[in-house]
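K.L.:
sequence and computational prediction follow.
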Amino acid sequence: MAAKEVYEKVVSCYDVESGSIGQTTTSGDVPLITIHTAFKQKIATGQLEQTFVRDHVIMAQGKDLATGAAVTSLPPVPVAKVQARSRSPSGKYLFLAYEEGNVQYVELQGEAGTILRCECKALHGAVYAPGTTFGSISWSALEDAIFYVAEADGKRDETTSWWGSDKEQPSGANGLSTKYEAKLNWGEGHSSACNTVLFHLINKPEVYQGVKPVLPINNHPDLVGKTVGQVRVVDFQRVVFVAWDNGPASRLGVQYCKNRPTTVYLFDRFDMSLRALSEPYKFCALEPQLSPSGKHVTWMQYAVGGPHGKACDITVFELADREATPSIVLPAATSPEDVGVYVYPTAPSIWLNDTSFVVATQQGALRSLAIVSIESNTTTVCASTQAERGTWTPLYVMDNKVLAKFTTPAQPCEVKLGVVNSDESDFVWHTISSQTALDLKWDIVPCTSFIGDTVVIQPRTKPTKTVVVPHGGPHSIVSADFYALYASFALAGMAVVMPNYRGSLGFGNATAGSLLGKCGTQDVQDVIAQIDECIAKYALDPTNLFVFGGSHGGFLTAHLTSQFPDKFRAAAMRNPVIDIASMVYVTDIPDWCMVECGLEECSVSSLTIKELDVMRQASPLPNVDKVKAPTLVLLGLNDLRVPPFQGKLWFDALRQNGVDAHLFQYPDDAHPLSSLACESDVFVNVFHWFSTHSL
C-alpha cells in the first residue's frame, strides 16, 4: 500500500472529542440512558477536518445496566465547528460558543431549537473550551445558568492610533496609543490568552435572559494581576475557580506545564467574599471538581517549579466547614509501583457519588482507571482496565457510571460505558462505539537495566526497517495509545520503537527527576539501550535504523545522530531543541532550560557565562560536525516553545558540513505540528525519506 493510501486510511479513524451521560429514565420497567458524544474525523484527500455528534440509547437487559445492556446508536449528525460545546447534565440543553462574521456569540439550545442567542462582542472575546488550560463550562443545578471562561477583550479590533480617525485617538490613562502595544500572554498555544474573565449565560425568563460577567470577581484586590479559569458552580450563589499568577513581566508558558503557581478559590457572589481553598500560589492546583451535593471539592495539586511534568497529589476540601483545610486522599507517586496521576486532564465530571470519584492512573506505558474513596481514604485500580491493556481516559462520570475512551497502538478510539459494581471496586463495561482495529501487533518491553519501558508497534509481516521515536517533554510519556502518525509507519511496513527513558512520567517522581542535569547523556544512553533490547527481542535489522523525534525528542534525535553517527541511516526532526544556551532567551519556558540542565531557576538576565556554558555543553550543537545521517528538519513557524531558529541552526550546520539535509517550514503551525495539512505532508515526506535511504 502506498504511503498516501496508508495515511489516508489511518487518519480517517475518528476520535471522540467529548461525551456525557444523560439522566436514567425508564421504558416500562426497563432502565435506559442516552449517551451524548461528539467525534472529530480527518479526511486527508480533501484536507478536511469535521465534527459530528451522535446519541446512543442504552437499554438494560435485566433489572439494571450491570446485568446487561443493548446499545442502539443513532446516525451521526455533522455539525459546524465551534469554540466550545457543552451538554447539560439532564441532556435537555446544549450550550454553544462561536464566532460568526467577526462577532462573538453564545447560544442555548433546547429540544425545540434555539432558546437564547446572545451577541457578546461588547462583553468578551473567544470562549475557552473545556479541556483547554483555562477553559470550562459548568451548569447550575437547575440548568438555568451556564458559567464559562472567555477572553475579556471583546472589542479587540478597536485599538487607538495617533494617525487614525478622531474616534481612534488615544484616550487611555497613560496617554499612549494601543494599536502596536504588545499584550502579555501565556505563550505556546495561548498567544491570544491575555486577560480572562468568568461569565454566565442566564436563562431565567421571569428575571433575566442574557450574558453577565461574574462580578466583581476580576476587580477583587486579591485577583489583580491574576488570570482566572476552570470555573465550577457550587450553587447559583457560589463558584469555585482557579487563578494563575501573571507575574510582573512576560508570563511563563503554561501549555504542558504543571508547575506554575495557582490558587483554587471559592467566590460568593452575594456577599462578595473570596476564600482561598488551596494555599495561595504555593502549589500548582488545577482541575477543581465538585461532588454531586456540592459538599466537597477536589483538585490536582503539583509542586511548583522543577520539572514541568510530574505526579500530583489529589486533594479534597469540605466546603461546609469554615475551619477546614485541604487533605490529601491520593499522594503523588514516588516509585513505579505507586498509583500515579500525572498530567492528564480530568473529565468535566469525575464524581461517582458523594464519597468517591474516578481518575486515570499511569503506570509505565499503561493507563488504567482508579476509584478514590474519600470515606475510606483508599484508592482501587480497576482490574478490568488493567486486564484490557491500553489507554483508558475518563470522559464523564455521573450516578455511579463512567463514560470512557479506550485505545491501543492498534485500536482506534472506542467509547465504553462502565457501571460500578456492588463493592465500588470496578465497572461492568458496555461498548458504545467501536472501530475495526488495524492489522498491527504491539507490545510493551520493560527495561532490564533501569526503570523504563518501550512501546513497540509492528506490521504482521516481518519489518525491514525500524524507526525510533523518542518522545518530547522530556517529562511526558508514550502511553499504549493510538497515534495515527506512528500507526501509519507500522502499517506501511516499519517497526516503530517508542522508548520511555528515565525522566518519563508513569514511573514515579524520583525517576522523572533523575534526568535533571543529565539531559543529553542519561536520556541518550537509555534510548540506545532500549533500541538494542528491542533489536535483540524482535530480531530487527540493526543496519536499517532511522530516528524521528520532536521537541525534546528532536533534541535526542540530534544527540543520537551526533553521538552515534554510524547507527542511523537517516533522521527527521520536528521543532528540535538544538542549543539551549540561545533558546533560553527567546522561549516561553526559560525555566525549562535551567532546570533540565541542573541549574537553579533565575531571571534570564542574571544568567552567568558559566551557566550558559553548562547549557551549551548539554546541547547537541557542539557535536554537529560528527553527524553523517541525512536529515529532514521540520519546523512550525509559529512555535513559541522551541523557536524555529533552533532547527535552522542544525540545518545550516549540516549543509555546511556536506550532509544531505532539507528544511521544511509550516507557516500555519506551532510547536505540535498538528494541523492536517502539516501532519499529512510530514508523514509522506518522512516515509519516502527513510525508504530512499534504506538498504
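P.N.:
Done, it's in. Residues are numbered from 1 along each chain as shown.
K.L.:
identify the residues contacting the closest residue to Arg574 other than its chain neighbours.
P.N.:
Leaving out its chain neighbours, the residue that sits closest to Arg574 by C-beta to C-beta, 6 or more residues apart in numbering is Gly550, at 3.3 Å. No exception for glycine: its C-beta is placed from N, CA and C like everyone else's. Neighbouring residues of Gly550 by C-beta atoms under 8 Å, 6 or more residues apart in numbering: 472, 573-576, 673.
K.L.:
got JSON lines for those, with pLDDT, secondary structure and neighbour count too?
P.N.:
Formatted as JSON lines, the contacts of Gly550 follow (pLDDT from 0 to 100; DSSP: H, G, I helix; E, B strand; the rest coil; neighbours: other C-beta atoms under 10 Å):
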{"residue": "Gly472", "pLDDT": "98", "secondary structure": "coil", "neighbour count": "23"}
{"residue": "Met573", "pLDDT": "98", "secondary structure": "strand", "neighbour count": "30"}
{"residue": "Arg574", "pLDDT": "98", "secondary structure": "strand", "neighbour count": "29"}
{"residue": "Asn575", "pLDDT": "98", "secondary structure": "coil", "neighbour count": "28"}
{"residue": "Pro576", "pLDDT": "98", "secondary structure": "coil", "neighbour count": "30"}
{"residue": "Leu673", "pLDDT": "97", "secondary structure": "coil", "neighbour count": "21"}
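K.L.:
His662: which of the residues you listed is nearest?
P.N.:
Among the contacts of Gly550, Met573 lies closest to His662 (C-beta to C-beta), at 11.4 Å.
K.L.:
chain center to the helix-or-strand element of the chain with minimal mean pLDDT, what's the gap?
P.N.:
One helix or strand of the chain scores below all others by mean pLDDT, DSSP states H and E: strand 25-27, with a mean of 79. Relative to its parent chain, strand 25-27 has a centroid offset of 37 Å by C-alpha atoms, centre = their mean, to the nearest Å.
K.L.:
tell me which strands it pairs with, and in which orientation.
P.N.:
Strand 25-27 pairs in its sheet with strand 30-43 (antiparallel), by DSSP bridges.
K.L.:
pLDDT on the strand it pairs with, on average?
P.N.:
The average pLDDT for strand 30-43 rounds to 92.
K.L.:
do the same with stretch 74-93
P.N.:
For stretch 74-93, the mean pLDDT works out to 92.
K.L.:
what about it, how long is it end to end?
P.N.:
18 Å (C-alpha to C-alpha, to the nearest Å).
K.L.:
from here on, count from 19
P.N.:
Sure, I'll start counting at 19 from here, so that last one is stretch 92-111.
K.L.:
any idea how far it is from the middle of the chain?
P.N.:
Relative to its parent chain, stretch 92-111 has a centroid offset of 21 Å by C-alpha atoms, centre = their mean.
K.L.:
now stretch 136-155
P.N.:
Relative to its chain's centre, stretch 136-155 lies at 18 Å (C-alpha atoms, centre = their mean).
K.L.:
show me where the stretch 519-668 of the chain has helices.
P.N.:
Along the stretch 519-668 of the chain, counting by DSSP state H, counting those that start in this stretch, helices occupy 527-531, 540-556, 570-581, 598-601, 608-614, 627-636, 663-674.
K.L.:
give the other helices and strands that the fourth one contacts.
P.N.:
The reference is to helix 598-601. Identification of packing neighbours for helix 598-601 by 3 or more C-beta pairs under 8 Å, 6 or more residues apart in numbering; DSSP states H and E yields helix 608-614, helix 627-636, helix 663-674.
K.L.:
out of those helices, deepest packed?
P.N.:
helix 608-614 (a mean of 24; mean count of other C-beta atoms under 10 Å).
K.L.:
other residues contacting it?
P.N.:
With C-beta under 8 Å, 6+ apart, helix 608-614 has contacts from 270, 323-326, 492, 533-535, 537, 598, 601-602, 605, 618-620, 622, 625, 629, 633, 636.
K.L.:
put the buried members of the residues you listed into a PyMOL selection.
P.N.:
With 16 or more other C-beta atoms under 10 Å as the criterion, this PyMOL line picks the buried residues out of these:
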select buried, resi 270+324+325+326+492+533+534+537+598+601+602+605+625+629+633+636
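K.L.:
before we move on, back to that, which single one of the contacts of Gly568 is nearest to Lys646?
P.N.:
Met591 (15.1 Å).
K.L.:
where does this structure have low pLDDT?
P.N.:
Along the chain, segments meeting pLDDT under 70 span 19, 172-177, 183-191, 233-236, 362-363.
K.L.:
turn the helices of the stretch 519-668 of the chain into JSON lines, including distance to Tyr166.
P.N.:
Listed next are the helices of the stretch 519-668 of the chain as JSON lines, based on distance: least, C-beta to C-beta, whole Å:
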{"stretch": "helix 527-531", "distance to Tyr166": "34"}
{"stretch": "helix 540-556", "distance to Tyr166": "40"}
{"stretch": "helix 570-581", "distance to Tyr166": "34"}
{"stretch": "helix 598-601", "distance to Tyr166": "36"}
{"stretch": "helix 608-614", "distance to Tyr166": "30"}
{"stretch": "helix 627-636", "distance to Tyr166": "41"}
{"stretch": "helix 663-674", "distance to Tyr166": "37"}
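K.L.:
can you give me the strands for the stretch 119-268 of the chain?
P.N.:
Ranges of strands in the stretch 119-268 of the chain, per DSSP state E, counting those that start in this stretch, are 121-128, 131-137, 155-157, 163-169, 214-222, 226-231, 244-251, 256-263.
K.L.:
just put those in TSV and tack on mean neighbour count and distance to Gly80.
P.N.:
Formatted as TSV, the strands of the stretch 119-268 of the chain follow (neighbours: other C-beta atoms under 10 Å; distance: least, C-beta to C-beta, whole Å):
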stretch	mean neighbour count	distance to Gly80
strand 121-128	18	33
strand 131-137	13	37
strand 155-157	23	32
strand 163-169	24	37
strand 214-222	21	38
strand 226-231	15	44
strand 244-251	24	35
strand 256-263	24	39
